[in-house]
Each structure stands twice: as structure tokens, then as C-alpha cells.
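Colleague: Mind folding the following:
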Amino acid sequence: MQEAGSTEDVPACFSFGIVLFINAAIWRKTTMEFFNQAITVLQTLVVAIGAGLGVWGVVNLMEGYGNDNRAMRS
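Modeller: Residues are numbered from 1 along each chain as shown. Coordinates of the predicted model:
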């Protein structure tokens, strides 16, 4: 007589499938966490590069306005 909760009647392939499913779920979770973190870092880098280019452009525009006075030209 088998006890309740015994695994003797469960096929080995079914148990192996459950283990594979659980491992795949864990792998998927850790992989998605990695990609989500990577996307967050890339978004931060893109925003920082864009802000830097914007400041650089404004500085270049302001430098150009200093040379437009005809009275100062020789």
C-alpha cells in the first residue's frame, strides 16, 4: 500500500519536466531582471549624452554671438 503523497506512481519524465519548467522560470526571471537593469542603464546614458550635447550646442551658439559686432571688427 502506498502512502499519500508518494511519488512512486509519478512518471520520471513528468518530474523531470517540472524541474525543467521551474529552472526555466528562474532563468527567465533572472534574465529579465538583467535586461531590465541594462535597459535602465542605457536610458540613463542616452539622456546624459543628449543633455551634454544640448549644453555643448548652446555654448557653441553663445560663442558665435560674440563676433557679430561690426564696430569691433578691424
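Colleague: pLDDT weak spots in this structure?
Modeller: 1-16, 66-74 (pLDDT under 70).
Colleague: Tell me which stretches of this structure form helices.
Modeller: Ranges of helices within the chain are 12-64, based on DSSP state H.
Colleague: For residue 43, see how far away residue 25 is.
Modeller: 27 Å (CB to CB, to the nearest Å). Just so you know, the C-beta spots here come from the backbone N, C-alpha and C atoms, and that holds for glycine as well.
Colleague: and if you look at residue 55?
Modeller: Separation of residue 55 from residue 43 (CB to CB): 19 Å.
Colleague: And residue 24, by the same measure?
Modeller: To residue 43, residue 24 is 28 Å away according to CB to CB.
Colleague: ok, now how distant is residue 32 from residue 41?
Modeller: According to CB to CB, residue 32 and residue 41 sit 15 Å apart.
Colleague: Please read the previous query as pertaining to residue 54.
Modeller: Relative to residue 41, and taking CB to CB, residue 54 is found at 20 Å.
Colleague: ok, residue 17 - how many residues close by?
Modeller: 11 (other CB atoms under 10 Å).
Colleague: before we move on, what about residue 61?
Modeller: Counted with other CB under 10 Å, the neighbours of residue 61 add up to 9.
Colleague: before we move on, what about residue 39?
Modeller: By other CB under 10 Å, the residues close to residue 39 number 10.
Colleague: go on, residue 60?
Modeller: Number of residues near residue 60 (other CB under 10 Å) recorded here: 9.
Colleague: Let me know the distance separating it from residue 50.
Modeller: For residue 60, the distance to residue 50 equals 16 Å [CB to CB].
Colleague: Then residue 29?
Modeller: On the measure of CB to CB, residue 29 and residue 50 end up 32 Å apart.
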